[in-house]
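**Q** fold the following.
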Amino acid sequence: MSSRIDAVLQSARARLTRIDAADVPAAVARGAVLVDIRPAAQRAVEGEVGAALVIERNVLEWRCDPTSDAHIPEATGDDVEWIVLCSEGYTSSLAAASLQELGLRATDVIGGYHALVATGALQQLDASLVGTQQRP
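**A** Here you go, the predicted model:
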């Protein structure tokens, strides 16, 4: 028997078109905004993603909603493509589904940060930043 959170996760993922980690560099290159929702302590242990905006989970909706007084500059409208990243791709599914409930284009990375590392996509993202100014 599965837990209630498993059912919620399954429902969230049914609404998402999740992205493979290997496809993240191309998505960022075309203008998608990669958002790292991992807590600071987890990023310190696992590593940073230079191509990602860091928005911790507890404020994600307010920062990405272009109608919110607390939105970030990247939240220019409903057509922004948000790709949410967590450690293993569980919390990010719930977060992306929440952004979709706000009417935003959002998905998450299958396997999360660990998959970015395993597929070499993190190295590609880092290489794409050489000679550029990183986002805050």
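
**Q** so what's the residue lying closest to residue 86 once chain neighbours are set aside up against?
**A** Spatial nearest neighbour of residue 86, excluding adjacent residues (CB to CB, 6 or more residues apart in numbering): residue 92 at 4.0 Å. Every residue, glycine included, has its C-beta placed from N, CA and C. When contacts are counted by CB atoms under 8 Å, 6 or more residues apart in numbering, residue 92 touches 37, 84-86, 108-109, 112.

**Q** kindly recompute the last result at 10 Å.
**A** 12, 16, 18, 35-38, 57, 60, 83-86, 106-113 (CB atoms under 10 Å, 6 or more residues apart in numbering).

**Q** I'd like to know which of those are buried.
**A** 12, 16, 35-38, 57, 60, 83-86, 106-113 (16 or more other CB atoms under 10 Å).

**Q** what about the strands in the protein?
**A** With DSSP state E as the criterion, the chain has strands at 19-20, 33-36, 53-54, 81-85, 105-110.

**Q** leaving out sequence neighbours, find the closest residue to residue 18.
**A** Closest residue to residue 18 apart from its sequence neighbours, by CB to CB, 6+ apart: residue 110 at 4.9 Å.

**Q** also residue 23?
**A** Residue 23 sits nearest to residue 121 (CB to CB, 6+ apart), 7.9 Å away.

**Q** could you do residue 100 as well?
**A** Counting by CB to CB, 6+ apart, the residue nearest residue 100 is residue 106, at 5.3 Å.

**Q** can you pull the pLDDT of that neighbour?
**A** Per-residue confidence (pLDDT) for residue 106: 98.

**Q** again with residue 134
**A** 43.

**Q** re earlier: next, count neighbours for the residue nearest to residue 23.
**A** Around residue 121 there are 22 other residues, counting by other CB atoms under 10 Å.

**Q** hmm, it is touching residue 52, no?
**A** No: counting by CB atoms under 10 Å, residue 121 sits too far from residue 52 to count as a contact (11.7 Å).
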